[in-house]
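Engineer: Predicted coordinates and the sequence they were generated for:
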Number of protein chains: 2
Amino acid sequence: MDHEEARAYAEDVGVVLAQMGTTPAFGTLLGWLLICDPPRQTSTELSEATGLSKASVSTGMRVLQQSGLVRRVPTAGRGHAYEIEADAFALAVDPTAKMRAFLDVVQRGLDLVGDERAPRARRLARTRDFYVFMMARLPELMDEFRAAQDARDARDALDAQGARQPEDPREARPALEGRT
Amino acid sequence: MDHEEARAYAEDVGVVLAQMGTTPAFGTLLGWLLICDPPRQTSTELSEATGLSKASVSTGMRVLQQSGLVRRVPTAGRGHAYEIEADAFALAVDPTAKMRAFLDVVQRGLDLVGDERAPRARRLARTRDFYVFMMARLPELMDEFRAAQDARDARDALDAQGARQPEDPREARPALEGRT
DNA sequence: TGCTATGTTCAGAATGTTCTGAACATGAGG
DNA sequence: CCTCATGTTCAGAACATTCTGAACATAGCA
C-alpha cells in the first residue's frame, strides 16, 4: 500500500462518514488516522497527507478531540501529534448521547399530554420505554466487548513472547457474519 | 393540550431531529405523528397541522415511509392516511444499517493493508471486531425489548377488562434513571 | 530579544440543502 | 365525460455549510 492508496482510502472514509452526517474533512482525517503509519501524526503531516488546508485540519481535529475520538499528545520538540483512540468507533456509534436528547423531548411530550395512561400517550410512552431500556443496556454491551478485547490482548501478548503457540487464526478473530 | 401546543411540540421534535442530521420537516412530521389525535392523519391534515407546504409533506412522508418509520393506510374515500409505526424509534436509533456501511469500508482498509497481524492493521482490526460484535448483539437486545413490551401489553389488556387490579404505576413503567 | 516553526481564527467564495408555489397527475363521484 | 379533491413533481429562491487563504497568535531556540 503506497501513500496515494492510503490517502484515497482516507477520502473514502470521509465519504462514508459524510453520508452519516459529519463533514467530509472530519471523516477524511479520521480515516487517515485509522490507516496511517506511524499512528501519530502532526498537524502538518495531516495537512500534507490529506490535502486539506491547515485551517481545516485545525478545526477538524478540534472537533475530533472534543468528540473523544482522537487524543492529542505532545511531541519531542514543539507542537503536538494526534492519535486515534483505541475504541474510537465505540464512541462514534454509541447512540446514548443522541438518545438522551431525544428522551428529553419525548418526556416533555408525555408531560404535555398529562395522563400517561391516555391512549394518546401510548406512542410516546412506548418510545420512552424503548430509550430507557436501551440506555440501560448499551453500556453493558460496550463493557462486555471491552472485557473480551482486553482478554484477547493479554493472550496475544503471551503469544508474542512465544509462551504459547497461536492456533488457527479463526479462533482469535470472529467470522464476518450475522443477520443480513 | 390545545392544538397550538401540539404543533409547537412537533416543531421541537423537528429541531431535535435536525440536530441529529435529518431535515427539520422530517422531524416535525414525525413529531406531529407522535403526539397527534387521532393517530392517523391525511396529507392535508398534516399540512395544516404543521404549517408545512403540501410539497414538503409529500416528500417528507415518502422519506419517512421508506425509512420504515411511518405506515400508509388507505382512507374510506379517496386518499390515504399516515400513522407512525409502533416501534418507529427502534428503527430510528438502530445503528446496524450505518454500521454495515462502515464495516464495509473498514474491511476494505484491512484488505489494503494486507497482513491482518501487522501493527498497522491493529486499529482497523479492532474497529471491525467492535462492529461485528455489536451487529450480532443489537438485534438480540431489540428482540428482548419487544418481548418485554408484548408481555406488558398482554397484561395491560387484562387490566382493561378488570380481570386484575393494576398496582402502583411505578411497577409497570420503568423509572427514568441510569448512568448519567 | 529576534527568528522561525507551528497552530489558530476569521471573512468570504464556492457549494449544497431545504422548502415552497405553481404546474402537472390521478381517480372518485356526478 | 367533466369536475373537483387529493397527491406528486420540479425549478428556483432563501438559507446554511464547508473549506480556504491570509492575517494573527504562540512558543521554542539562537
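Structural biologist: Ah, there it is. Numbers count the residues shown, from 1 in each chain, chains lettered A, B, ... in the order given.
Engineer: Skipping its backbone neighbours, what lies nearest the residue nearest the centre of chain A in space?
Structural biologist: With distances taken as Cα atoms, centre = their mean, A:Phe89 lies nearest the centre of chain A, 2.0 Å away. Once flanking residues are discounted, A:Phe89 sits nearest to B:Thr127: 4.7 Å by Cβ to Cβ, 6 or more residues apart in numbering or on different chains. C-beta: built from backbone N, CA, C; applies to glycine.
Engineer: if I look at the residue of chain A positioned farthest from its centre, how far off is A:Ala6?
Structural biologist: In chain A, counting by Cα atoms, centre = their mean, A:Ala118 sits farthest out from the average C-alpha position, at 39.9 Å. Separation of A:Ala118 from A:Ala6 (Cβ to Cβ, to the nearest Å) stands at 58 Å.
Engineer: can you check A:Arg62 too?
Structural biologist: 23 Å.
Engineer: Tell me which of these two has more neighbours.
Structural biologist: Of the pair A:Arg62 and A:Ala6, A:Ala6 is the one with more neighbours under other Cβ atoms under 10 Å in any protein chain shown, namely 22 against 12.
Engineer: Would you agree the more buried one is in contact with A:Ile35?
Structural biologist: Yes. Between A:Ala6 and A:Ile35 there is a contact under Cβ atoms under 8 Å: 5.4 Å.
Engineer: pLDDT below threshold where in chain A?
Structural biologist: Residue ranges of chain A with pLDDT under 70: A:93, A:162-180.
Engineer: Helices along that one, start to end?
Structural biologist: Along chain A, counting by DSSP state H, helices occupy A:3-19, A:24-35, A:43-50, A:54-66, A:88-93, A:96-113, A:122-160, A:169-172.
Engineer: Return the most buried member of the ones you listed.
Structural biologist: Mean neighbour count (mean count of other Cβ atoms under 10 Å in any protein chain shown) peaks for helix A:24-35 among the helices of chain A, with a mean of 24.
Engineer: helices or strands up against that helix?
Structural biologist: If you count contacts as 3 or more Cβ pairs under 8 Å, 6 or more residues apart in numbering or on different chains; DSSP states H and E, helix A:24-35 packs onto helix A:3-19, helix A:43-50, helix A:54-66, strand A:80-84, helix B:96-113, helix B:122-160.
Engineer: Specify the beta-bridge partners of A:Arg72.
Structural biologist: A:Tyr82 (DSSP bridges).
Engineer: That one: how many residues sit nearby?
Structural biologist: 13.
Engineer: what sits against it?
Structural biologist: By Cβ atoms under 8 Å, 6 or more residues apart in numbering or on different chains, the contact list for A:Arg72 reads A:61, A:65, A:80-82.
Engineer: ok, the residue nearest to the centre of chain A to A:Ser56 distance?
Structural biologist: 22 Å.
Engineer: One more: A:Arg126?
Structural biologist: According to Cβ to Cβ, A:Arg126 and A:Ser56 sit 43 Å apart.
Engineer: cool, A:Leu158 as well?
Structural biologist: A:Leu158 is 43 Å from A:Ser56, by Cβ to Cβ.
Engineer: go on, A:Asp115?
Structural biologist: Separation of A:Asp115 from A:Ser56 (Cβ to Cβ): 52 Å.
Engineer: Same question for A:Val16.
Structural biologist: 18 Å.
Engineer: still on that earlier bit, need the helices of chain A in a markdown table with distance to DNA strand D, can you?
Structural biologist: Formatted as a markdown table, these follow (distance: least, Cβ to the nearest atom of the strand, whole Å):
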| stretch | distance to DNA strand D |
| --- | --- |
| helix A:3-19 | 7 |
| helix A:24-35 | 3 |
| helix A:43-50 | 8 |
| helix A:54-66 | 3 |
| helix A:88-93 | 16 |
| helix A:96-113 | 16 |
| helix A:122-160 | 21 |
| helix A:169-172 | 37 |
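Engineer: Dump stretch A:54-67 to CSV, restricted to CA.
Structural biologist: The C-alpha coordinates for stretch A:54-67 follow below in CSV (Å, rounded to 0.1, in the frame of the first residue of the first chain):
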residue,chain,number,x,y,z
LYS,A,54,-4.1,23.8,7.7
ALA,A,55,-7.3,25.6,8.7
SER,A,56,-9.5,22.6,8.0
VAL,A,57,-7.1,20.3,9.9
SER,A,58,-7.1,22.6,12.9
THR,A,59,-10.9,22.9,13.1
GLY,A,60,-11.4,19.2,12.2
MET,A,61,-9.0,17.9,14.8
ARG,A,62,-10.6,20.1,17.4
VAL,A,63,-14.0,18.5,16.8
LEU,A,64,-12.5,15.1,16.7
GLN,A,65,-10.8,15.7,20.0
GLN,A,66,-14.0,17.1,21.6
SER,A,67,-15.8,14.0,20.4
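Engineer: Would you confirm that A:His80 contacts A:Pro74?
Structural biologist: Yes. Proximity of A:His80 to A:Pro74 meets the contact threshold set by Cβ under 8 Å, at 5.5 Å.
Engineer: Neighbour count for the two, which is higher?
Structural biologist: Between A:His80 and A:Pro74, A:His80 has the larger neighbour count (other Cβ under 10 Å), namely 13 against 9.
Engineer: who's in contact with the closest residue to A:Arg128 other than its chain neighbours?
Structural biologist: Computed as Cβ to Cβ, 6+ apart, the closest residue to A:Arg128 that is not its neighbour in sequence is A:Val106, at 4.8 Å. Residues in contact with A:Val106 (Cβ under 8 Å, 6+ apart) are A:124, A:127-128, A:131, B:34.
Engineer: Quick check: A:Phe102 vs DNA strand C, distance?
Structural biologist: 18 Å (Cβ to the nearest atom of the strand, to the nearest Å).
Engineer: what's the answer for A:Asp129, then?
Structural biologist: A:Asp129 sits 29 Å away from DNA strand C, going by Cβ to the nearest atom of the strand.
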